[in-house]
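J.: predicted model, plus sequence, below.
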Amino acid sequence: MNYPFEPFRIKVVEPIKRTSREERDRLLREAGYNLFHVPAESVSIDLLTDSGTSAMSDSQWAGMMLGDESYAGSKNFYHFETVVRSLFGYRYVIPTHQGRAAEHLLFSTVVKPGMCVPNNIHFDTTRANVEYQGAEAKDLVISEAYDPHCELPFKGNMDVARLEESIEQVGPSRIPFAMITVTNNSAGGQPVSMANIRATRQVLNRYGIPLLFDACRFAENCFFIREREPGYADIPVRDIARELFSLGDGCLMSAKKDGLVNIGGFLSLNHERWTQAITNMLILVEGFPTYGGLAGRDLEAMARGLEEVLDEEYLRYRIGQVRFLGGLLEEGGVPIVKPIGGHAVYVNAKEFLPHLHQSQFPAQALAVALYREYGIRTVEIGTVMFGKRDPVTDEPIYPELELVRLAIPRRVYTNQHLASVAEAIIDLHHRRDSIGGLVMTYEAPRLRHFTAKFEAEVSAGILGPGARLAAAPLS
């Protein structure tokens with residue numbers, strides 16, 4: 001079928017506000033050219049993130065009306081606990097208000113200064129939470145992940161040989177656990193194979209190191225395993241998920257992705273001592289263990305969302321919609337990361353804007369231009385998010401990938417919306433030489449991309465007025 005339709009009907013609609021280029025130009029200047037500070041109502045199509053932006057189902061909304069707001073022992077918690085245990089298979093379930101809270105609880109309890117946490121690639125908040133504890137967040141993804149043109153089916157895989165080398169260098173006693181992020185967001189939404197997870201588990205077993213999953217997009221990863229990995233074509237996605245999690249000792253999850261909710265997350269572990277210490281911290285900063293910073297109605301919506309996300313018709317549509325956008329961009333000559341990932345299409349800003357050096361923040365410049373010209377909001381995953389300075393030489397260290405992520409909210413936009421996005425980006429690609437760079441004028445010590453401010457580097461062109469020409473600072 002050339003034009004498969006969405007596996008749902010639309011019951012509620014939200015109007016999209018139209019803005020002029022002049023208005024968007026003003027908003028960008030007021031926001032310091034940081035799209036996180038642009039009001040959402042002034043965005044036509046919002047692809048900033050797929051986190052917390054899903055449309056909930058009629059069943060989820062019905063479940064909201066069954067919210068039990070008892071302080072302790074809410075019936076919604078027990079439903080949620082049952083669903084998580086059934087799907088993920090771990091003994092203990094700790095609800096949190098989102099994934100970042102789960103990361104903070106885990107790392108502040110288990111990770112100590114001088115330790116090292118290996119991962120295929122840490123995403124922004126995961127890395128920041130590890131480093132905040134004085135530990136090293138070590139990325140050990142396979143080298144092919146840094147080649148946007150490589151079409152390896154599982155580019156999110158852990159480099160198992162480098163993992164073992166790192167364990168030998170650091171020492172097992174300094175590694176509290178290793179992590180695998182499924183799918184691998186920082187490298188293009190790329191999946192991890194079951195064989196790679198199994199091989200990682202075998203290495204860790206030799207050193208007695210636990211394995212935890214960052215599971216926020218687990219269903220999409222499991223769909224890729226079914227689609228691409230030999231021996232899984234006839235296995236239900238739910239069973240693939242159970243096999244995957246059986247290879248670990250626990251997981252943390254922002255349910256704002258594959259939980260199909262607007263708020264919520266959790267930790268699920270087999271480790272009793274860790275669970276007790278985390279629960280003690282949870283009570284201090286999040287709330288009683290049976291609500292963890294959430295209303296009962298949110299726990300119910302999360303429980304139902306975790307079941308719905310395993311619907312294979314939904315997953316086929318979801319992955320297909322992302323591929324639809326990626327295919328249009330590729331046909332139009334726009335450089336993207338291949339193969340197309342699970343939750344987003346990633347534009348390769350280095351190739352889109354080859355006239356800009358990474359010190360000029362090309363991915364941020366591209367995201368700014370796309371909003372100014374068309375009202376489409378995206379997010380930079382490049383020098384702004386992951387750039388840093390060498391602690392010895394103070395020289396800037398630029399990330400290997402300089403990307404603009406087009407993260408597609410679940411069950412929100414139709415393919416016509418995405419076709420309009422593709423048309424806009426292709427048009428901008430034809431005018432790419434007129435896009436100038438940016439200069440960073442403010443940055444926070446951690447997670448600077450959320451609050452950084454910029455000025456336009458050129459005096460004309462798509463980026464508009466500005467006179468700063470100095471290279472952008474990194475600190």
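T.: That came through, no problem. Numbering: from 1, shown residues only.

J.: let me see the contact set for residue 242.
T.: Neighbouring residues of residue 242 by C-beta atoms under 8 Å, 6 or more residues apart in numbering: 87, 89. In short, each C-beta sits where N, CA and C put it, glycine included.

J.: can you tell me the element it falls in?
T.: When elements are assigned from DSSP states H and E, residue 242 belongs to helix 237-246.

J.: next, the buried residues of that helix.
T.: Neighbour counts over helix 237-246 (16 or more other C-beta atoms under 10 Å) mark 237, 238, 240, 241, 243, 244, 245 as buried.

J.: can you give me the strands for the stretch 51-200 of the chain?
T.: Secondary structure of the stretch 51-200 of the chain (DSSP state E, counting those that start in this stretch): strands at 92-96, 116-119, 136-139, 178-181.

J.: which residues does the residue nearest to residue 156 when sequence neighbours are not counted form a beta bridge with?
T.: Leaving aside its sequence neighbours, residue 156 sits nearest to residue 184 (C-beta to C-beta, 6 or more residues apart in numbering; 3.1 Å). Beta-bridge partners for residue 184, by DSSP bridges, are residue 190.

J.: right, and residue 184 touches residue 142 too?
T.: No - using C-beta atoms under 8 Å, residue 184 is not in contact with residue 142, being 9.9 Å away.

J.: which one's more surrounded, those two?
T.: Neighbours per residue (other C-beta atoms under 10 Å) separate residue 184 from residue 142, with residue 184 holding more: 30 against 24.

J.: and the pLDDT for the more buried one?
T.: Each residue has a pLDDT score; the one for residue 184 is 91.

J.: quick one, what contacts it?
T.: 120, 121, 141, 145, 155, 156, 190, 191, 192.

J.: how many residues are close by the second one?
T.: In this case it means residue 121. Residues contacting residue 121 under the criterion other C-beta under 10 Å number 25.

J.: so what's the residue nearest to it when sequence neighbours are not counted up against?
T.: Leaving aside its sequence neighbours, residue 121 sits nearest to residue 186 (C-beta to C-beta, 6+ apart; 4.2 Å). Contact analysis of residue 186 by C-beta under 8 Å, 6+ apart lists 121, 122, 123, 139, 381, 386, 401.

J.: can you confirm residue 406 is in a strand?
T.: Yes - if the criterion is DSSP: H, G, I helix; E, B strand; the rest coil, then residue 406 is within a strand.

J.: isn't it up against residue 422?
T.: No - between residue 406 and residue 422 there is no contact under C-beta under 8 Å: 9.4 Å.

J.: and for those two, which residues touch both?
T.: residue 325.

J.: can you map out the helices along the stretch 251-400 of the chain?
T.: Counting by DSSP state H, counting those that start in this stretch, one finds helices in the stretch 251-400 of the chain at the ranges 272-285, 296-308, 312-331, 349-352, 362-374, 383-386.

J.: reformat those as TSV; add mean neighbour count, distance to residue 172 and mean pLDDT.
T.: Below are those laid out as TSV (neighbours: other C-beta atoms under 10 Å; distance: least, C-beta to C-beta, whole Å; pLDDT from 0 to 100):
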stretch	mean neighbour count	distance to residue 172	mean pLDDT
helix 272-285	16	17	97
helix 296-308	24	33	98
helix 312-331	18	37	97
helix 349-352	21	38	98
helix 362-374	25	37	97
helix 383-386	25	28	91
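
J.: and of those, who's closest to residue 7?
T.: Checking those against residue 7 by C-beta to C-beta gives helix 312-331 as the closest, at 4.5 Å.

J.: could I have the CA atoms of the closest one written out in CSV?
T.: Output of helix 312-331 as CSV, limited to C-alpha atoms (Å, rounded to 0.1, in the frame of the first residue of the first chain):
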residue,chain,number,x,y,z
GLU,A,312,2.6,-3.4,16.3
GLU,A,313,0.2,-1.6,14.0
TYR,A,314,1.0,1.6,15.9
LEU,A,315,4.8,0.9,15.8
ARG,A,316,4.7,0.1,12.0
TYR,A,317,2.9,3.5,11.5
ARG,A,318,5.3,5.3,13.9
ILE,A,319,8.5,4.1,12.3
GLY,A,320,7.0,4.5,8.8
GLN,A,321,6.0,8.1,9.4
VAL,A,322,9.6,9.0,10.4
ARG,A,323,10.9,7.2,7.3
PHE,A,324,8.4,9.1,5.2
LEU,A,325,9.9,12.4,6.3
GLY,A,326,13.4,11.2,5.9
GLY,A,327,12.7,9.8,2.4
LEU,A,328,11.3,13.2,1.2
LEU,A,329,14.4,15.0,2.5
GLU,A,330,16.8,12.5,0.9
GLU,A,331,15.0,12.8,-2.4
